[in-house]
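*Asks:* Need the 3D shape of this:
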Amino acid sequence: MTRHRSDGLTKRCDCPRSRRSKCAHPWYFAFQWKGKRYRVQLERLVGRRLDGKTKADTEAERIRREIKAGTFQPGPTPPPSDHSVTVSAF
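*Replies:* I've put the predicted structure just below:
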């Protein structure tokens, strides 16, 4: 039986392997660097739909470079809250 290499790029769907690169389900990325595991849904992280495995692989390679360089931000940082809740308001 042939083992398929995915380089950490997968889909979580029941689509046949031959159609998986074009199906509408999102791509997931898994990578481990210096003992820390990174698992993210690529489309959620990138903020747009990724059509095809080539685009997903390009984004995954960019994320791998960021992780190795130490500049990876796992998600958008929420804007700081300018209002605080006081005890009396609570």
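
*Asks:* can I assume residue 72 sits in a helix?
*Replies:* No - Residue 72 is assigned coil when assessed by DSSP: H, G, I helix; E, B strand; the rest coil, not a helix.

*Asks:* ok, now which ones touch it?
*Replies:* Taking C-beta atoms under 8 Å, 6 or more residues apart in numbering as the criterion, residue 72 is in contact with 38, 63, 66. For the C-beta atoms, the positions are set from N, CA and C on the backbone; glycine is no exception.

*Asks:* The second one contacts residue 28, correct?
*Replies:* No - counting by C-beta atoms under 8 Å, residue 63 does not reach residue 28; the two are 11.9 Å apart.

*Asks:* any shared contact partners between those two?
*Replies:* Listed contacts common to residue 63 and residue 28 are 40, 42; contacts here mean C-beta under 8 Å, 6+ apart.
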